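Asks: Compute the structure for the input listed below.
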Amino acid sequence: MKRTLATVALAALALMGLIRAVQAQEAPDARILAFDKGPSKIDVSKYPTEIKDTYKLFTVKCGKCHTVARAINCEFALPDEWDRYVKRMMRRAGDFISADDAKKLTEFLAYDSKTRKKALYEKKLANPPSH
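Replies: Below you'll find the predicted structure:
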């Protein structure tokens with residue numbers, strides 16, 4: 001009986017930990033939620049054709065799981081930041097984002113950051129994070 005109660009108690013604690021972990025993943029912090037409140041569109045009319053064509057893919061793929069505004073307004077600017085983030089989203093989205101989609105999305109987001117977030121991009125280049 002004691003062994004059964006201990007097993008049930010351990011299982012309950014493990015389940016509570018799992019629930020907290022899932023809630024933490026699903027509930028973005030206030031800084032991230034602030035990005036959601038910004039502009040939700042980008043004027044890509046002056047972008048190169050291949051980058052401009054990827055904008056639609058970006059809105060469909062990224063908008064499936066969170067607001068498009070989050071990616072537009074976030075503080076990522078460098079290509080390696082976008083590469084890491086897109087790969088993480090690719091893992092979360094399963095088959096919805098293919099390797100080819102991920103490559104195109106990363107290229108689009110990196111180009112957009114260099115263009116639209118130029119000051120942030122240049123600041124990050126001048127002061128790379130130490131890992």
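Asks: Excluding sequence neighbours, find me the nearest residue to M89.
Replies: Nearest non-adjacent residue to M89, counting by Cβ to Cβ, 6 or more residues apart in numbering: I97, 6.4 Å away. C-betas here are computed from N, CA, C, even on glycine.
Asks: give me the number of residues near the one you found?
Replies: Close neighbours of I97, defined as other Cβ atoms under 10 Å, add up to 22.
Asks: Identify the residues contacting it.
Replies: For I97, the contact set (Cβ atoms under 8 Å, 6 or more residues apart in numbering) comprises 61, 86, 89-90, 105.
Asks: Repeat the analysis, applying 10 Å as the threshold.
Replies: 57, 61-62, 64-65, 86-87, 89-91, 104-105 (Cβ atoms under 10 Å, 6 or more residues apart in numbering).
Asks: Now do D83 against P28, distance only.
Replies: D83 sits 21 Å away from P28, going by Cβ to Cβ, to the nearest Å.
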